[in-house]
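> dropping the sequence and predicted coords here.
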Amino acid sequence: MDIDLADLDFWRRPLKERHEAFARLRQLEQPVFFPEKKVPFLRSGAGFYALVRHADVVEASRNAKVFSSEPAVTNPEPPGWVKQVFGESMVNMDDPRHARLRRIVTRSFSPRMLAGLQSDIESACTRIVDDLVAAGPHDFVGQVAARLPIHVICDMLDIPQEWRERVHKHVDISTAYTGVRPSLARTVQLAGQNMLALLALQRMVIKLGHARAADPKGDLVSLLVTANPDGEKLTYRELGSFFALLLVAGNETARNTMAHGLKLLTDNPAQRELLMSDFDAHIGNAIEEMVRLASPIMQFRRTVTQDYSLRGLELKPGDKVVLFYGSANRDESVFPDPDRFDITRDTKPHVGFGGPGPHFCLGANLARQELRAMYRELLTRLPDVRTIGEPELLVSNFDNSVRRQAFTF
């Protein structure tokens, strides 16, 4: 087979070729095993089974006791010292530890908290489009898509204004490390930059945490470092890890869906016309369809904890499986004509925010809220806004990240 999902060269191939490769894998009787190659500074195991069908991804997502998020969900796995330096992210935990942290941070994304953000999100969208009109179109990611999520998260945590430019810079460095590295020297360089950026983000929020514990305000940091009704709160180390996760994962999902979404609207003028014929009626489903096709996070890994039969494949404890969300979201058995952008289709089964189960994306509703507000502002005020050419993508096996996108209005 000329497909090797463990080979980083595969992720340099054009997007269309990769979609075709996953379509071939979905037709096979059982998940395919891919031996891992040695990657500098990362652990290389025996390899993994690729879960590319929608049903398989959903089954593994729902059964967290068998398909564990520990010791790590990234592929390849980072070395053990990373946890010692940066603390452990909740995405790499199983219950009961995961349930405890999720219970604490879920307060941050309650309907009441999100409703309180609406006015600020709308105001931010207005300012972003104001700036866009004044400056003229250059890069949609830098001028629009990358600005809103960072602004919202910084406002939620009440990050001082003088820190925000540095926060944005550190987040960009962190996400760049998920790309495919062309050489050992570049890997070393990016690894060092990534570590320094993550440490800087954690130091920022830990400093705020100490200040807010002494003098709580109405922000997210205050909420997380003061006890909930059950007496639970985040430690400062946990706060640092959560902040890094929120900034990187929360930013990337909304940012990349926003960029991919404008490209989809540009390439499908009939769907765009339908959306604008009744924005409120169609925007909710349009966003889900954008998330389905964009699949901002393309994969997560799980480790098998006990004997388990999956579609006739006999898995053993210690086996690794990788959930390919982008492939599951194009499964022909669930989404007819899956590569077509159709804002009227039934998108409920998509796994663009992760599969169902305990690790479903906590910030999904916040991302939806941001996307709805920005598209309303953008498409209403600039009805001719559209992309030019193809996006410049980060070459990555993890983030479906748009680095730059030319556009006009």
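Great, that's in hand. Numbers count the residues shown, from 1 in each chain.
> for Glu17, grab the count of nearby residues.
Applying other CB atoms under 10 Å, we find 12 residues neighbouring Glu17. Yep, even glycine has a C-beta here, placed from its N, CA and C like the rest.
> that one: what's it in contact with?
Contact partners of Glu17, counting by CB atoms under 8 Å, 6 or more residues apart in numbering, are absent.
> which SS class is it?
Under the three-state scheme (DSSP: H, G, I helix; E, B strand; the rest coil), Glu17 adopts helix.
> now it: how far from Thr266?
According to CB to CB, to the nearest Å, Glu17 and Thr266 sit 22 Å apart.
> ok, Gly231 next?
For Gly231, the distance to Thr266 (CB to CB) stands at 51 Å.
> the more surrounded of those two?
Per other CB under 10 Å, whichever of Gly231 and Thr266 has more neighbours is Thr266, with 16 against 6.
> spit out the contact partners of that one.
If a contact means CB under 8 Å, 6+ apart, then Thr266 has 272, 386-387 as its contacts.
> now, which of the residues you listed sits nearest Ile153?
Distance to Ile153 across the contacts of Thr266 (CB to CB) is lowest for Thr387, with 25.3 Å.
> count of neighbours near that closest one?
Other residues lying near Thr387 total 21 when counted by other CB under 10 Å.
> that one contacts Arg404, doesn't it?
No. Here Thr387 lies out of contact with Arg404, judged by CB atoms under 8 Å, at a distance of 10.8 Å.
> in three-state terms, label the closest residue in space to Arg147 that isn't next to it in sequence for me.
In space, and not counting its chain neighbours, Arg147 is closest to Ile128: 5.3 Å by CB to CB, 6 or more residues apart in numbering. Following three-state DSSP, the label given to Ile128 is helix.
> contacting residues around Ile128?
Each residue near Ile128 by CB under 8 Å, 6+ apart is listed here: 143-144, 147-148, 374, 377.
> cool, Ile388 as well?
Ile388 is in contact with 406-408, counting by CB under 8 Å, 6+ apart.
> most neighbours among the residues you listed, which one is it?
For the contacts of Ile388, the largest number of neighbours (other CB under 10 Å) sits with Phe407, at 24 neighbours.
> need the contact list for it.
By CB under 8 Å, 6+ apart, the contact set of Phe407 is 137, 139-140, 262, 385-388.
> now Ala227
With contact taken as CB under 8 Å, 6+ apart, Ala227 is in contact with Lys233.
> tell me how many other residues surround the spatially closest residue to Thr344 that is not a sequence neighbour.
Take Thr344 and drop its neighbours on the chain: the residue closest to it by CB to CB, 6+ apart is Asn285, 6.9 Å away. Using other CB under 10 Å, Asn285 has 17 neighbouring residues.
> okay, buried residues for the helix or strand hosting Asn285 please.
Assigned by DSSP states H and E, Asn285 belongs to helix 279-294. Of all the residues in helix 279-294, those buried under the rule 16 or more other CB atoms under 10 Å are 282-283, 285-294.
> look at Ala50 and give its secondary structure.
strand.
> sorry, that was for Gly318
coil.
> show me what contacts it?
Neighbours of Gly318 in contact, by CB under 8 Å, 6+ apart: 303-304.
> and it, how close does it get to Gly231?
From Gly318 across to Gly231, the span is 37 Å (CB to CB).
> what does Ala254 give?
Using CB to CB, Ala254 is found at 33 Å from Gly231.
> run the chain-centre distance for stretch 92-110.
The chain centroid and the centroid of stretch 92-110 are separated by 17 Å under CA atoms, centre = their mean, to the nearest Å.
> wait, I meant stretch 371-391
21 Å.
> can you list the buried residues in it?
Neighbour-count burial for stretch 371-391 flags 371-375, 377-379, 382, 385-387, 391 (criterion: 16+ other CB under 10 Å).
> restricted to helices, list these.
Of these, the ones assigned to helices by DSSP state H are 371-375, 377-379.
> same question for stretch 266-283, mean pLDDT?
Averaged over stretch 266-283, pLDDT sits at 98.
> nope, stretch 127-145 is what I meant
97.
> equivalent analysis for stretch 375-392, please.
According to the model, stretch 375-392 has a mean pLDDT of 97.
> from now on call the first residue 53
Right, with 53 as the first residue, what we last looked at is stretch 427-444.
> tell me, how many residues neighbour Asp282?
Using other CB under 10 Å, Asp282 has 9 other residues around it.
> typo on my end, it should be Ser361
Ser361: 8 surrounding residues under other CB under 10 Å.
> quick one: it from Met342, how far?
With CB to CB as the criterion, Ser361 and Met342 are 35 Å apart.
> low pLDDT regions in the stretch 253-402 of the chain?
Applying pLDDT under 70 to the stretch 253-402 of the chain flags the ranges 281.
> one more time with 80, if that's ok
Scanning the stretch 253-402 of the chain for pLDDT under 80 picks out 279-282, 296, 299-302.
> do a quick rundown of the helices in it.
272-277, 288-297, 303-319, 321-329, 331-346, 377-380 (DSSP state H, counting those that start in this stretch).
> so can I have TSV of the ones in helices among the buried residues of stretch 423-443 showing distance to Met256?
Formatted as TSV, those follow (distance: CB to CB, whole Å):
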residue	distance to Met256
Leu423	26
Arg424	29
Ala425	26
Met426	26
Tyr427	31
Glu429	29
Leu430	30
Leu431	35
